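> from the sequence below, what's the structure:
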Amino acid sequence: MFLDFYRLQQQPFGVTPDPAFLYPSRTHCEALDSLTDGILGGRGFLAMIAEPGMGKTTLLYQVLEGLRDTARAAYLFQTQCDSREFFQYLLSELGVDTRGVGLVDMHNKLNEMLFAEMLAGKRFVLVVDEAQNLADPVLETVRLLSDFETSHTKLLQIVLAGQPQLAEKLAQPHLAQLRQRIAVLSRLEALSPEETSRYISHRLRVAGYRGEPLFMPEAVAAIAESSGGIPRNINNICFHALCLGHAEAHKVIATETVRKVVAKLSLRTVPGTLSAAARPAPSADRQIAAQLTYRPLAQSQQTPWTLRTVALTSGLLLLAFWLFPSILRFVESGGATAASTGEPAAPVATTTTLAAPLRFAVQVGSYDKAEASLLALRFSGRYHLPVLTTPAQVGDRTLYRVSILVGTKPAAEALALSLLRDDHISARVNPNAPTLR
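Numbering: from 1, shown residues only. You can find the predicted model right below:
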């Protein structure tokens, strides 16, 4: 390797997100300060948007490192999952065995841990990296996590970090509630040519280099142009330039070495009108950065058959969505007709034929008679499931416990989570529900 040849103590242009190598550029310092202040201020929901390779993960590690003594943190990057798997990843990160644990129980366990950290005087920080990959239902689950709070403080500080697609997702109308809760939004922008030069010097210095500049000014300018100011691209070019310089016994990296490396890596330079040097105030979610093009030449040649297949698939999907409501009404009307020829229904009827015993009850809560009746009618109509109202004496009052009967435990847990999401009702699953007769 070139470490001894260039008198380096460690690899200066590695691929791992080491906070020790974080270069304090203007945009990185602003993001670091915003996220740290937002967490310490208990703002609840924060977000950071950055193009790939901008050092987003390194910055997040630096934020957590600064909060190590005052906060407990969970860092998640498995974002291609459903809501249940998301909870499993989160609790596993916190050291909780989730095997055989239902979604509602996981929700309650997290609530207990948040209160425990609050009583211990610590904050709880959840960082979700690559959040642009989260499906909309999981984003809604993340939003509900921000409901963990007391009358005066948020129990959980959530940081969503991702690529510009995350900003596009958050701008969708059906995610308006989530977008409105984000109190701090930070962006990372590409480095200017001057910052690129200081970035290279900074990483060499952290790696132990002492001496005259290792890269000639013209070589640095070529790196800045070819990388588009993206730190990951800068690291890649510099690493291969040092390898080539070592192989050719060059003590200083010249422009010609950089050009050979760029040609070998097939790095595409940014067009002049959109380059980092030409933009006084670049926008992180619109910048066009240099990209590595490790791909065969035929990749971009789409055949007409591919386009026809995509068009046909899209048409079939649209047709299915268009016909779905009519099919659903037909099935429901058939079920209602079949039910009308049977025995009289229970006081709170269901519009679905019951094919299996209802062994679980989702207990919604206890209410006075009028409110319990209204809730029973609402939930029966919404979920098409039997709803029981059971009287219970509380002191000198008679309250009515509202329970929704469900056949399986997973269905009961899903229903309890739906009640929490849609009605802000913390329901409980009871496995000893009476069988509906």
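> distance from stretch 258-267 to the middle of the chain?
34 Å (C-alpha atoms, centre = their mean, to the nearest Å).
> identify the residues contacting the residue most central in space within the chain.
Here the mean C-alpha position of the chain is nearest to the C-alpha of A131 (C-alpha atoms, centre = their mean), at a distance of 2.6 Å. Contact analysis of A131 by C-beta atoms under 8 Å, 6 or more residues apart in numbering lists 47, 79, 139, 160-162, 166. Just so you know, the C-beta spots here come from the backbone N, C-alpha and C atoms, and that holds for glycine as well.
> minimum pLDDT in those, which residue is that?
Lowest-confidence member of the contacts of A131: T79, scoring 88 (pLDDT).
> for it, what are its contacts?
Contacts of T79 (C-beta under 8 Å, 6+ apart): 128-134, 138.
> could you look up the SS state of it?
Recorded secondary structure, T79: coil (DSSP: H, G, I helix; E, B strand; the rest coil).
> what's near enough to touch the spatially closest residue to it that is not a sequence neighbour?
Spatial nearest neighbour of T79, excluding adjacent residues (C-beta to C-beta, 6 or more residues apart in numbering): N133 at 4.1 Å. By C-beta under 8 Å, 6+ apart, the contact set of N133 is 79-80, 162.
> of those residues, closest to L32?
G162 (17.2 Å; C-beta to C-beta).
> bridged to that closest one, which residues?
I49 (DSSP bridges).
> isn't it up against Q132?
Yes: the criterion here is C-beta atoms under 8 Å, and G162 meets it with Q132 at 3.8 Å.
> so between these two, which is more surrounded?
The neighbour comparison of G162 against Q132 (other C-beta atoms under 10 Å) goes to G162, with 22 against 18.
> now that one: how far from R203?
From G162 across to R203, the span is 25 Å (C-beta to C-beta, to the nearest Å).
> okay, strands next: where are they in the chain?
45-50, 71-76, 123-128, 157-162, 182-188, 360-367, 387-394, 397-406, 428-430 (DSSP state E).
> now distance to V252 too, for the ones you listed, in a markdown table please.
A markdown table is the format used below for the strands of the chain (distance: least, C-beta to C-beta, whole Å):
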| stretch | distance to V252 |
| --- | --- |
| strand 45-50 | 32 |
| strand 71-76 | 40 |
| strand 123-128 | 40 |
| strand 157-162 | 38 |
| strand 182-188 | 31 |
| strand 360-367 | 72 |
| strand 387-394 | 79 |
| strand 397-406 | 73 |
| strand 428-430 | 69 |
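> so which of these gets nearest D37?
strand 182-188 (7.8 Å).
> restrict the closest one to CA atoms and write it as PDB.
Once non-C-alpha atoms are left out, strand 182-188 reads as follows in PDB (Å, rounded to 0.1, in the frame of the first residue of the first chain):
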ATOM      1  CA  ILE A 182     -40.800  18.400  11.200                       C
ATOM      2  CA  ALA A 183     -39.400  21.300  13.200                       C
ATOM      3  CA  VAL A 184     -35.900  21.300  11.800                       C
ATOM      4  CA  LEU A 185     -35.000  20.600   8.100                       C
ATOM      5  CA  SER A 186     -31.300  20.600   7.200                       C
ATOM      6  CA  ARG A 187     -29.700  20.100   3.800                       C
ATOM      7  CA  LEU A 188     -26.100  19.200   2.700                       C
END
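> and it, which strands flank it?
Under the rule (DSSP bridges), strand 182-188 has strand 45-50 (parallel) as partners.
> what's the angle from the partner strand to strand 157-162?
Taking axes from the mean of the first three to the mean of the last three C-alpha atoms, to 10 degrees, one finds strand 45-50 and strand 157-162 inclined to each other by 20 degrees.
> pLDDT score assigned to the closest residue to D129 other than its chain neighbours?
Of all residues not flanking D129 in the chain, F77 sits nearest, at 4.4 Å (C-beta to C-beta, 6+ apart). Note for F77: predicted pLDDT of 87.
> and F77, what does it touch?
128-130.
> closest to H107 out of these?
The nearest one, if we look at the contacts of F77 relative to H107 and count by C-beta to C-beta, is V128, at 17.0 Å.
> what's around that closest one, how many residues?
28.
> separation between it and A47?
Per C-beta to C-beta, V128 is found 10 Å from A47.
> between those two, which contacts overlap?
Contacts common to V128 and A47, judged by C-beta under 8 Å, 6+ apart, are 159-161.
> give me the low-pLDDT residue ranges for the stretch 301-437 of the chain?
Along the stretch 301-437 of the chain, the parts satisfying pLDDT under 70 run over 301-357, 394-395, 421, 424, 432-437.
> picking up where we left off before, just the buried residues from the shared contacts of V128 and A47, in PyMOL please.
The following PyMOL line selects those of the shared contacts of V128 and A47 that are buried, judged by 16 or more other C-beta atoms under 10 Å:
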select buried, resi 159+160+161
